[in-house]
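S.K.: Sequence first, then the predicted structure:
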Amino acid sequence: MRAKDVMTTPVHVIGPDEPIETAAEVMTTRAVTALPVVDADGLLIGMVSEGDLLWHRVPGDPTAHLSRNRDMVPQRRPGTVTEVMAYSPYTATPDLDVAEVADLMLRHDVRSMPVVEGREVVGIVSRRDILRTMVRRDDVMAQDVQHRLDEYADGTRVWTATVTAGVATVAGLFANETERIVVSVLARTVPGVSAVTIEEP
C-alpha cells in the first residue's frame with residue numbers, strides 16, 4: 001500500500017506570513033493537527049503543528065517560581081507562522097510504502113507528513129490515517145478482498161476470500177499463472193492485508 005492510498009486530499013495549507021491565530025483557527029475548524037506551509041507559488045517550505053503554535057503562547061503562573069525568577073524578563077511572543085514553523089519537514093512521495101511512512105513518523109516523532117510531487121503538496125498523511133486504514137477487522141477486509149476479486153471476474157464469484165489475523169486466503173481455480181498473480185496482487189492491495197495465500201483444489 002502506498003502513501004497515495006491513505007493520504008487526505010485536498011490539503012489545508014497556510015502561508016508563512018499568516019498570523020498564528022489564523023493557523024490555530026484553521027486547525028480547529030478543519031480538525032487537523034498540522035498544516036503544510038507554502039510560499040506564494042504554492043510550494044512547500046515548512047510545516048506548522050499544534051505544538052508549534054503553543055510555543056511561548058501559554059502564559060506561566062508568575063507565582064510558581066517567585067523565589068527563583070524575580071528578575072525574569074518576559075519574552076516577546078511570536079506572531080506569525082514563519083516564526084514557529086519547522087523548516088525542511090519530513091515528506092513522503094505518493095508511491096512511498098505506507099510502512100516506510102509510519103516508520104519515518106515514529107522515528108522522527110511527527111504526527112503528520114505532507115505528500116509531495118517535487119515541492120507541490122498533493123496530500124497529507126497522519127498517524128490517524130494510517131491507523132484507520134491498517135487496523136481493520138478481518139471480516140471487513142475479507143469483504144473488500146471479495147469485492148475486488150468479483151469485480152475482476154466481471155461480477156462472477158470465481159474465488160472465495162477469507163481473512164484471518166490480517167492474512168488473506170483466496171481459494172479457487174486459476175486459468176494460468178498470470179491470473180494467479182493478478183488475484184494475489186489485488187488481494188494484497190486491500191488496506192490492512194499483511195499477506196496473501198492461495199489455495200487451489
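M.R.: Great, that's in hand. Residues are numbered from 1 along each chain as shown.
S.K.: Please, which helix or strand holds the residue nearest the centre of the chain?
M.R.: With distances taken as Cα atoms, centre = their mean, the residue of the chain nearest its centroid is Val125 (1.9 Å). Taking DSSP states H and E as the criterion, Val125 maps to strand 120-126.
S.K.: So which residues of the chain form strands?
M.R.: 34-38, 44-49, 86-87, 112-117, 120-126, 160-164, 167-171, 195-199 (DSSP state E).
S.K.: Take those and write them to CSV, including mean pLDDT and distance to Tyr152.
M.R.: In this view, the C-beta of every residue, glycine as well, is placed from N, C-alpha and C. Formatted as CSV, those follow (pLDDT from 0 to 100; distance: least, Cβ to Cβ, whole Å):
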stretch, mean pLDDT, distance to Tyr152
strand 34-38, 93, 36
strand 44-49, 92, 37
strand 86-87, 90, 43
strand 112-117, 94, 28
strand 120-126, 93, 27
strand 160-164, 95, 11
strand 167-171, 95, 11
strand 195-199, 93, 14
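S.K.: which helix is the longest one in this structure?
M.R.: helix 138-152 (DSSP state H).
S.K.: angle of the strand holding Val125 against strand 34-38?
M.R.: 170 degrees (axes from the mean of the first three to the mean of the last three Cα atoms, to 10 degrees).
S.K.: Output strand 120-126 as PDB, nothing but the C-alphas.
M.R.: Coordinates of each C-alpha in strand 120-126 appear next as PDB, following Å, rounded to 0.1, in the frame of the first residue of the first chain:
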ATOM      1  CA  GLU A 120       4.000  20.600  -4.600                       C
ATOM      2  CA  VAL A 121       1.800  19.300  -1.800                       C
ATOM      3  CA  VAL A 122      -0.700  16.700  -3.200                       C
ATOM      4  CA  GLY A 123      -1.800  15.200   0.000                       C
ATOM      5  CA  ILE A 124      -1.100  14.700   3.700                       C
ATOM      6  CA  VAL A 125      -0.800  11.500   5.800                       C
ATOM      7  CA  SER A 126      -1.400  11.500   9.500                       C
END
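S.K.: Okay, domains of this protein per the record?
M.R.: According to automatic domain parsing, the chain comprises the domains 3-134, 138-199.
S.K.: winner for burial among the strands of the chain?
M.R.: Most buried of the strands of the chain, by mean neighbour count (mean count of other Cβ atoms under 10 Å): strand 34-38, with a mean of 25.
S.K.: quick one, that strand and strand 112-117 angle?
M.R.: Here strand 34-38 runs at an angle of 40 degrees relative to strand 112-117 (the same axes, to 10 degrees).
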